[in-house]
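Participant: Let's see this in three dimensions:
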Amino acid sequence: MIIVAALAGVAMLAAQSLPERAGPPIEDIAVERTVLEPGQISLTLRNVGPDPVTVAQVFVNDAFVDVAGAEEPLGRLTSETITLDYPWITGQPYLISMLTNTGLVIEHEIPAAVATPAPGGDFYVTMALLGTYVGIIPVLLGMLLLPVLRRVSAEVVRFVLAVTVGLLAFLAFDGASEGLELAAASGGAFGGTTLVVLGAAAAFLTLMGIDRFLRARRAGADAAAGASGLRLAVMIAAGIGLHNLGEGLAIGSAYAVGELALGAFLVLGFTLHNTTEGLAIVAPLTRRRTSVPTLLGLGMLAGAPAILGAVLGAGVGNPEVSALLLGVGVGAIIQVIIQIAPSLRSPDRTEPGPWVLLGVGTGLLLMFATALAVPA
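Facilitator: Numbers count the residues shown, from 1 in each chain. Reported below is the predicted structural model:
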């Protein structure tokens, strides 16, 4: 209570004890979304600086244009959409210069102008189908290798689990880099890179709590041995599903801003990339009988979030939300790797053997090779 009271006192009195800041105002605007329609360009602006910002004039390629919106100053972290009356040409680059009332020029570049697809029922159905092609179908195809894994030795199973760790480690690195890149592009309005860390921590702690709950409910040594494989498969599917949510966000965002070629390449690349994820899900199930509905449920858990991601990416287009969700996927994958690690040791060894290390390296190389099909 003493610490809480001290912090509350500092929060209330610190601002009064600090001197007034001297010098010109600090103005910073981030462009969160660009929408191009015939004859006009709409920009969603957010003030990511400490002081209010007023957009006085706007120029497109050094030509003054009429502006609608943002008549009042933008307060800290508030957003506003401005519409520029400008007859843009498809495929042409444009540099938008926003002049504030203090004389500061803030620029935003459009590398190649393309009309933004108008979201509607058909558009979102298309996004859902793309999410199905990218998430559910390739994961289920990879799960078809389960009968093969059941006929091999325990050492081979441990090798496959090690490959799974390599796959997941690559996904964690990939998701973290994507999240940090999005957070940097967002302007840091709501914490920037902190959002990725926050999402990762929240997912890690949540899945850890779920795992402890499932462990507490297991009863009997035999039941525990059987439940352990299924529990681990569920954790792997959940972690992969959260990562696929981020992949869906990338696809939906690409189509939402009119990058149709990029979206098509993302679909092809992620489909190839995700086939290996089905193998990771069924690896812990080689020593138990698993029903077809259970396997389908695991495939849906891992693949269906890609549908949600594609729809969200196409409709929301918010870099902060995307960065947070990518962080969630990273945290989930890290927790799953921790769950798999004890299964990599054989009963007569206290540390992973050479085949395990080879498996981890193989998983990393496999994901790297399939990731080459995904455009940067």
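Participant: mind checking which helix or strand the most centrally placed residue in the chain is in?
Facilitator: Per CA atoms, centre = their mean, the C-alpha nearest to the average position across the chain is that of Leu326, at 2.5 Å. Per DSSP states H and E, Leu326 falls inside helix 319-340.
Participant: Check which helices and strands that helix is in contact with.
Facilitator: helix 154-185, helix 193-217, helix 221-256, helix 305-315 (3 or more CB pairs under 8 Å, 6 or more residues apart in numbering; DSSP states H and E). C-beta: built from backbone N, CA, C; applies to glycine.
Participant: For Leu344, which of the ones you listed is the nearest?
Facilitator: helix 154-185 (5.7 Å; CB to CB).
Participant: what sits against the nearest residue to Leu167 once chain neighbours are set aside?
Facilitator: Spatial nearest neighbour of Leu167, chain neighbours left out: Gly363 (4.4 Å); criterion: CB to CB, 6 or more residues apart in numbering. Residues near Gly363 by CB atoms under 8 Å, 6 or more residues apart in numbering: Ala162, Val163, Thr164, Val165, Gly166, Leu167, Leu168, Ala169, Phe170.
Participant: Let me see the mean pLDDT of the host helix or strand of Gly363.
Facilitator: Following DSSP H and E, one finds Gly363 within helix 354-371. Helix 354-371 shows a mean pLDDT of 80 in the predicted model.
Participant: pretty sure Arg76 is in a strand, no?
Facilitator: No: Arg76 is assigned coil when assessed by DSSP: H, G, I helix; E, B strand; the rest coil, not a strand.
Participant: Tell me how many other residues crowd the nearest residue to it once chain neighbours are set aside.
Facilitator: Spatially, and ignoring its direct neighbours in sequence, Arg76 is nearest to Asn47 (5.7 Å; CB to CB, 6+ apart). Neighbours of Asn47 under the rule other CB atoms under 10 Å: 22.
Participant: Look up phi and psi at Leu95.
Facilitator: Phi and psi for Leu95, reported as degrees, to the nearest 10, are phi -120, psi 120.
Participant: again with Glu71
Facilitator: Dihedral angles (degrees, to the nearest 10) for Glu71: phi -70, psi -30.
Participant: ok, it - how many residues close by?
Facilitator: Quick note: Glu71 (other CB under 10 Å) scores 10 neighbours.
Participant: in the helix holding Leu326, what's buried?
Facilitator: Of all the residues in helix 319-340, those buried under the rule 16 or more other CB atoms under 10 Å are 319-337, 339-340.
Participant: swap in stretch 193-211?
Facilitator: Thr193, Leu195, Val196, Val197, Leu198, Gly199, Ala200, Ala203, Phe204, Leu207, Asp211.
Participant: Likewise for stretch 291-303?
Facilitator: Buried, per 16+ other CB under 10 Å, within stretch 291-303: Leu295, Leu298, Gly299, Met300, Leu301, Ala302, Gly303.
Participant: Dump the residues you listed into CSV; add secondary structure and distance to Leu245 as well.
Facilitator: Formatted as CSV, the buried residues of stretch 291-303 follow (DSSP: H, G, I helix; E, B strand; the rest coil; distance: CB to CB, whole Å):
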residue, secondary structure, distance to Leu245
Leu295, helix, 21
Leu298, helix, 16
Gly299, helix, 15
Met300, helix, 13
Leu301, helix, 11
Ala302, helix, 10
Gly303, helix, 10
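Participant: I'd like to know which of the residues you listed is nearest to Thr116.
Facilitator: Gly303 (28.0 Å).
Participant: Hmm, Gly142 and the closest one touching each other?
Facilitator: No: Gly303 is beyond contact range of Gly142, at 10.1 Å (criterion: CB atoms under 8 Å).
Participant: Quote the end-to-end distance of stretch 102-122.
Facilitator: Terminal residues of stretch 102-122 are spaced 45 Å apart (CA to CA, to the nearest Å).
Participant: Report the buried residues of that stretch.
Facilitator: Leu104, Ile106, His108, Ile110, Ala113, Val114, Thr116.
Participant: now, which of those sits nearest Ser42?
Facilitator: Thr116 (8.6 Å).
Participant: so that closest one, which of the three states?
Facilitator: coil.
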